[in-house]
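J.: what would the 3D arrangement of this be:
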Amino acid sequence: MITNFNEELELVLSILKVIWMRGVQSLHCLLLEIISCILKACGSIAAIEKGEELHCKIVKAGFMEMNCLLENALMDMYIKCGAIEEARLVFDHQRKRDAASWKIMILGYLDSEYGEEA
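T.: Residues are numbered from 1 along each chain as shown. Down below sits the predicted model:
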C-alpha cells in the first residue's frame, strides 16, 4: 500500500498550508490535486480507513473550504468504499456544488442500488 502514509500526508498538508498562507495559487492547485489523487487511490483499493484519516486531517487543517475539488474527491472515495451515507454527509455540507458533485452523488446512489434517492 502507501508507505509512510501518515508522515507523507502530514508533509503534504503542512506544505499546502504554507503555500496557502503565502498565496502561491499555482502550487496550491498542484497540492490539492495531489491530495485528490491520494483520495482516489484510497477509493480504488477500498482503503476507507486511510481515506477517513485523510478526511479528518483535511478538515483539521482547514482545507475543506478551499474549493469543491477535495469534497468531490472525498465523496467519490466514500462511494467507492461502499459508504454512501458518508458521501452524502460531505455532499450535504458542501457550500458550493458543481456539476461533478451532483454526478458523483447520483451515480453513487445508482451504483449502490439507491435509485429512489438518485
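J.: centroid residue for this structure?
T.: Nearest to the geometric centre of the chain sits L74, at 2.8 Å (CA atoms, centre = their mean).
J.: OK, contacts around it?
T.: L39, G51, H55, I58, A87, V90 (CB atoms under 8 Å, 6 or more residues apart in numbering). To be clear about C-beta, it is placed using only N, CA and C from the backbone, and glycine gets the same treatment.
J.: residues of the helix or strand harbouring the first one that come out buried?
T.: In the assignment (DSSP states H and E), L39 maps to helix 25-44. Buried residues in helix 25-44, counted by 16 or more other CB atoms under 10 Å: H28, L31, L32, I35, S36, I38, L39, C42, G43.
J.: dump the very next helix or strand once past that helix to PDB, keeping only the CA atoms.
T.: Counting by DSSP H and E, the element after helix 25-44 in chain order, helix or strand, is helix 48-61. Only the C-alpha atoms of helix 48-61 are listed here, as PDB (Å, rounded to 0.1, in the frame of the first residue of the first chain):
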ATOM      1  CA  ILE A  48     -11.700   3.600   3.700                       C
ATOM      2  CA  GLU A  49      -9.700   3.800   7.000                       C
ATOM      3  CA  LYS A  50      -6.900   5.800   5.200                       C
ATOM      4  CA  GLY A  51      -9.500   7.900   3.400                       C
ATOM      5  CA  GLU A  52     -11.300   8.700   6.600                       C
ATOM      6  CA  GLU A  53      -7.900   9.600   8.200                       C
ATOM      7  CA  LEU A  54      -7.100  11.900   5.300                       C
ATOM      8  CA  HIS A  55     -10.600  13.400   5.600                       C
ATOM      9  CA  CYS A  56     -10.000  14.200   9.300                       C
ATOM     10  CA  LYS A  57      -6.600  15.800   8.500                       C
ATOM     11  CA  ILE A  58      -8.100  17.900   5.700                       C
ATOM     12  CA  VAL A  59     -10.800  19.200   8.000                       C
ATOM     13  CA  LYS A  60      -8.400  19.800  10.900                       C
ATOM     14  CA  ALA A  61      -6.100  21.800   8.600                       C
END
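J.: right, I'll leave it there.
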